[in-house]
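Visitor: generate a structure from the sequence data that follows.
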Amino acid sequence: MKRLAFGCVLAVIVAFAAGVVHAATLDEAKAITEKAAEFWKANGKEKALAEFNNPNGQFVKGDVYVVALDFKGNVLAHGGNPKLVGANLWNQKDPGGVKYLVREQIEVAKTKGSGWVEFVWANPVTKKVQPKKAWVIRIGHEDYLVNCGVFQ
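Guide: Alright, predicted model coming up:
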């Protein structure tokens, strides 16, 4: 019995080491963000926000989720922490106290249309503050953006 238990533990360790347990990549975060922007354009704002906020929906997978913001810093959807919906994060610095992460996301969306933003954030799965890199996309010519990132 001890050998069986040891074998199971060893199999889990090997699976993690071999990458069998999937961790999202930057390419996947970018693809999910692009899919979210297209979903918004095809289905409208209200339906998109409902889907982004749906914990069992297509845009929430563990520590990978979509966030939608307006250009005033208001959280319209947050797949990782629904309690943030309705909050204004314009003056919110990242938990490291280094940067105004929402302002930077808005600036990238306004000036470039899309791009990467790096910051630190609380991982909803591990509950630890970790470095994160998010792909940001402006929704057409509207004053909204969506993003999805991966914890590093």
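Visitor: mind jotting down where the helices sit in the protein?
Guide: Secondary structure of the chain (DSSP state H): helices at 2-18, 26-43, 45-53, 101-112.
Visitor: ok, of those helices, where does mean pLDDT dip lowest?
Guide: Across the helices of the chain, helix 2-18 has the smallest mean pLDDT, namely a mean of 39.
Visitor: got the buried residues for stretch 99-111?
Guide: Within stretch 99-111, the residues that count as buried by 16 or more other CB atoms under 10 Å are 100-102, 104-106, 108-109. For every residue, glycine as well, the C-beta is placed using N, CA and C.
Visitor: swap in stretch 51-67?
Guide: 51-53, 59-60, 63-67.
Visitor: what's the answer for stretch 127-142, then?
Guide: Of the residues in stretch 127-142, 132, 134-139 count as buried by neighbour count, 16+ other CB under 10 Å.
Visitor: can you tell me what sits against it?
Guide: 26, 29-30, 33-34, 36-37, 40-41, 67, 95-96, 105, 108-110, 113-123, 144-152 (CB atoms under 8 Å, 6 or more residues apart in numbering).
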